[in-house]
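Student: Quick one, what's the 3D model for this:
(chains A and B)
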There are 2 protein chains.
Amino acid sequence: MPEKIRIGISGYGNLGRGVELAIEQNSDMDLVAVFTRRPPETIKVRDKHTRVVHIDKVKNYRDKIDVMILCGGSATDLPEQGPHMAAIFNTIDSFDNHGRIPEYFDSIDRVARKSKRTSIISVGWDPGLFSLNRMMAEAILPEGKSYTFWGKGVSQGHSDAIRRLEGVVDAIQYTIPIQEAIAKAKSGDNPDLTAGQRHLRQCFVVAADGADRGKIEQQIKTMPNYFADYKTSVSFISKEELERDHKGMPHGGFVIRSGKTGSAGENTNIYEFSIKLASNPEFTASVLLAYARAAHRLSQEGRFGAFTVLDIPPAYLSARRAEDLRSGLL
Amino acid sequence: MPEKIRIGISGYGNLGRGVELAIEQNSDMDLVAVFTRRPPETIKVRDKHTRVVHIDKVKNYRDKIDVMILCGGSATDLPEQGPHMAAIFNTIDSFDNHGRIPEYFDSIDRVARKSKRTSIISVGWDPGLFSLNRMMAEAILPEGKSYTFWGKGVSQGHSDAIRRLEGVVDAIQYTIPIQEAIAKAKSGDNPDLTAGQRHLRQCFVVAADGADRGKIEQQIKTMPNYFADYKTSVSFISKEELERDHKGMPHGGFVIRSGKTGSAGENTNIYEFSIKLASNPEFTASVLLAYARAAHRLSQEGRFGAFTVLDIPPAYLSARRAEDLRSGLL
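Tutor: Numbers count the residues shown, from 1 in each chain, chains lettered A, B, ... in the order given. Now for the predicted structure:
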């Protein structure tokens, strides 16, 4: 029995709690401690034996944790925490600001090479599994077109944008892929489809008493970048309805590539990857843990620096031996 | 401009012709020669400048080919050709006898390590991309159930089994996934579903004049291993109809994993990979070529021996630089 992989969780929000749950499903892993910026005594974890430690003391765990899972946000947490942690631990994060990935990669790579640690960045499903499939589909079918659809799921950024409007008490926004657009993506015609042609935006809004609903709806539908370029529906609901019907965290999406083969491109081949998640944070956490296993192994092999999902041999995600994978799953 | 990857094709059937076509879509590759057991002058290739060489002279190409794509069959060709070629070249093959993969892997691994060559075996979609997705889905969602569906597509083995019956002139058999079974696989109930519960077998038969059609249908539907455990339909058609309507080579299929997350497995998350191919051999050939790029790179890194799709870092499939993949596709 090899020793278990010792996991640390940094940040105890939805994603951190998802990682805590997922560790229970992976018998080759142990949760060592949860690290938080809040007063540790205010955090209630699932297993009372799990230590909850203030983030300021994280350095004391340098030799007690094999992989630290960074569960902070991409806007302000990770750009600072990522390099800081990579100087101490092997790390996994879900940095999802696509435009800033190259810069973030470089900042982690520099630190991790110096500290002789292994970091896999931007893990999850997009970026993550969707990136992997966009890349593989393009490599396999060079002549074609790729489409990414998101949803049905909650966009936190769009929900927040609505909440900031005057007269809005609370709100939630679902991104929904348009079925006709999915059909077009698979048609073989390879049309150009903007994000607005691929997705609907469905908004449920709790308005304050006496608020001007017509004005709120108008403000949402014309909001630049967020809604103006999309078909957007706005429904007003009560606070009770919001609590009752809209507190789940489903999400999902598709990566579709339509590629042409044949002597004159006469054959259309469709490559498709999709997920449909009852719990977005729990699934994302499950992806992070599989890549934590890979980070541990790369680190043991002396392969230090920053990596992405595109660099990882798939077998490294599995606890099963190579022979076993070949005979059982190939 | 780096030097192009020099490709050889061994075997010029549907798959070999697919590789020849796919090379035209990959600007970093050149086709050096097609090798055949037939008299070379009887082979008509697409580009008259492509050399066609008898397989007996393959050793003369030891230093002229970077990766040899083995396009022979798994029953008799590859068990012999695979090790023979791995002693001379880096190789890619689509060995698809699932039960014998471990033994085949070992036979190639032994030779390739000795010859300092790199071989990636069992490349294609099943085994291949489907294996990769079965493996990744299980690693990410350890508590769940995986389902593989094949079709709609032609099963060559089943078509041949019908053709061997008395009174049958020609025949073709389609394997078709059962929609209700796909729905069950995604339902979250995680039922057990046998291959027969997942697939229909649809047979189109050209009968000889005066043949006993009732008897043929009965023999097909009761044929052990091939049809007895499946819902099977048999239609008699004319030779003209067979030629007109059934000479395409479509195929496809799904890998679905339904995985549970949450404190009591209350959340069902569906991971799905699927393909829908107008040309099975052309798509398979496209997969082989992407892995040929990876084999070439592994070989340049001095990583010799046998590998499978489970071992290959995805980025190795692409001609694009790592920085470019990170900024463009992650």
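
Student: contacts and neighbour counts: CA atoms only from here.
Tutor: OK.

Student: Please enumerate the helices of chain A.
Tutor: Under the criterion DSSP state H, chain A contains helices at A:14-23, A:77-86, A:101-115, A:129-140, A:156-163, A:179-185, A:195-198, A:213-221, A:239-245, A:280-300, A:322-328.

Student: Quick one: distance of the fourth one to the chain centre.
Tutor: Taking the mean C-alpha point of helix A:129-140 and that of its whole chain, the gap between them comes to 16 Å (C-alpha atoms, centre = their mean, to the nearest Å).

Student: before we move on, back to that, could the helices of chain A be laid out in a markdown table, adding mean pLDDT, distance to chain B and mean neighbour count?
Tutor: Formatted as a markdown table, the helices of chain A follow (pLDDT from 0 to 100; distance: least, C-alpha to the nearest C-alpha, whole Å; neighbours: other C-alpha atoms under 10 Å in any protein chain shown):
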| stretch | mean pLDDT | distance to chain B | mean neighbour count |
| --- | --- | --- | --- |
| helix A:14-23 | 97 | 6 | 23 |
| helix A:77-86 | 95 | 17 | 20 |
| helix A:101-115 | 97 | 6 | 19 |
| helix A:129-140 | 98 | 5 | 24 |
| helix A:156-163 | 90 | 20 | 17 |
| helix A:179-185 | 95 | 13 | 15 |
| helix A:195-198 | 94 | 16 | 17 |
| helix A:213-221 | 97 | 30 | 16 |
| helix A:239-245 | 95 | 16 | 12 |
| helix A:280-300 | 97 | 5 | 25 |
| helix A:322-328 | 93 | 6 | 15 |
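
Student: With distance to B:Val206 as added columns, please give those helices in CSV.
Tutor: Below are the helices of chain A laid out as CSV (distance: least, C-alpha to C-alpha, whole Å):
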stretch, distance to B:Val206
helix A:14-23, 55
helix A:77-86, 66
helix A:101-115, 59
helix A:129-140, 37
helix A:156-163, 60
helix A:179-185, 35
helix A:195-198, 46
helix A:213-221, 61
helix A:239-245, 58
helix A:280-300, 50
helix A:322-328, 39
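
Student: Please identify which of these is closest to B:Gly8.
Tutor: Across the helices of chain A, B:Gly8 has its closest neighbour in helix A:129-140 (18.2 Å, C-alpha to C-alpha).

Student: Now do the same contact list for the closest residue to A:Ala33 other than its chain neighbours.
Tutor: Spatial nearest neighbour of A:Ala33, excluding adjacent residues (C-alpha to C-alpha, 6 or more residues apart in numbering or on different chains): A:Arg51 at 4.7 Å. The neighbours of A:Arg51, taking C-alpha atoms under 8 Å, 6 or more residues apart in numbering or on different chains as the test, are A:32-34.

Student: cool, and A:Asp106?
Tutor: Contact partners of A:Asp106, counting by C-alpha under 8 Å, 6+ apart, are A:Ala306.

Student: what sits opposite the nearest residue to A:Asp66 once chain neighbours are set aside in the beta ladder?
Tutor: Spatial nearest neighbour of A:Asp66, excluding adjacent residues (C-alpha to C-alpha, 6+ apart): A:Arg6 at 5.0 Å. A:Arg6 forms beta bridges with A:Asp30, as assigned by DSSP bridges.

Student: so what pLDDT did A:Arg6 get?
Tutor: A:Arg6 is assigned a pLDDT of 98 by the prediction.

Student: ok, it touching A:Arg62?
Tutor: No: contact criterion C-alpha atoms under 8 Å: A:Arg6 and A:Arg62 do not qualify, at 11.3 Å.

Student: in chain A, what residue sits furthest out from the centroid?
Tutor: Most distant from the centre of chain A: A:Ser263, at 39.5 Å, with distances by C-alpha atoms, centre = their mean.

Student: for A:Gly262, what are its contacts?
Tutor: Per C-alpha under 8 Å, 6+ apart, neighbours of A:Gly262: B:18, B:21-22, B:282.

Student: just checking: which of those residues also lie near chain A?
Tutor: Counting by C-alpha under 8 Å from any C-alpha of the partner chain, B:18, B:21-22, B:282 from the contacts of A:Gly262 sit close to chain A.

Student: tally of neighbours for A:Gly265?
Tutor: By the other C-alpha atoms under 10 Å in any protein chain shown criterion, the neighbourhood of A:Gly265 contains 12 residues.

Student: for it, phi and psi?
Tutor: Torsion angles at A:Gly265 (phi, psi; degrees, to the nearest 10) stand at phi 60, psi 30.
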